[in-house]
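Provided below for reference: sequence and predicted model.
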Amino acid sequence: MRLSALASSGLAMVAAAVTLTACSGSTPSESTSPAPQATSAAAAASPGSSAAHTGTFKGDNGKHVAGTVNISDGKVVLAGFSSDAGPDLHIYLTNGATESGVSAGKQLGAIAYDQASQTFSLAGVAPSRYNTVVIHCDKAKAVFGDASLS
């Protein structure tokens, strides 16, 4: 019975490691620069988007994410941004940097991990309802990094 419990917990740890590894490093099938959903100057601002909110990214779950985020005038703007590579990275507005926060949050688009400046539209989104910007690997269901907004 005891050996069975150890084997089960060992399998659970391997499964968790494989899940996080799914978004690590480069693979031949990875695009080196996925196109973020850039906005035009004519993008409509949504309610609550006139007040500016800013934050600085930090890495989570052993991943590197850096740079700043500025939310104003109906846009989310990343500056000095960099992240570990991942095959399915997206940017979310959330309330907290957890999987449940991401699930309840609003996805803004695909992220280019190696593009320092990126802009995303807030059309139809009330940014004042959120307190965190999260970089998330949807394939592995893993938070790479977050920025608390002030």
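Structure's in. What do you need?

can you give me the helices in this structure?
For the chain, the helices defined by DSSP state H occupy 2-21, 99-104.

hey, least reliable of those by pLDDT?
Here the helices of the chain differ in mean pLDDT, and the lowest is helix 2-21 at a mean of 45.

burial measure for G62, as a count.
Burial measure for G62: 10 neighbouring residues, criterion other Cβ atoms under 10 Å. Yep, even glycine has a C-beta here, placed from its N, CA and C like the rest.

ok, V125 next?
22.

any figure for the gap between it and T98?
20 Å (Cβ to Cβ, to the nearest Å).

strands of the chain, residue ranges please.
Secondary structure of the chain by DSSP state E: the strands cover 53-56, 58-59, 65-72, 75-83, 89-94, 106-110, 118-121, 132-137, 142-148.

partner strands of the shortest one and their direction?
Think strand 58-59. strand 142-148 (antiparallel) (DSSP bridges).

so what touches the partner strand?
19-20, 22-23, 55-61, 63-66, 68-69, 83-84, 86, 89, 94, 97-99, 102, 131-137 (Cβ atoms under 8 Å, 6 or more residues apart in numbering).

between that strand and strand 132-137, how big is the angle?
160 degrees (axes from the mean of the first three to the mean of the last three Cα atoms, to 10 degrees).

quick check: angle from strand 142-148 to strand 75-83?
Going by the same axes, to 10 degrees, strand 142-148 makes 130 degrees with strand 75-83.

between strand 65-72 and strand 142-148, find me the angle.
50 degrees.

quick check: mean pLDDT across strand 142-148?
Rounded mean pLDDT across strand 142-148 is 98.

adjust the sequence numbering to begin at 45 for everything that follows.
Sure, I'll start counting at 45 from here, so that last one is strand 186-192.
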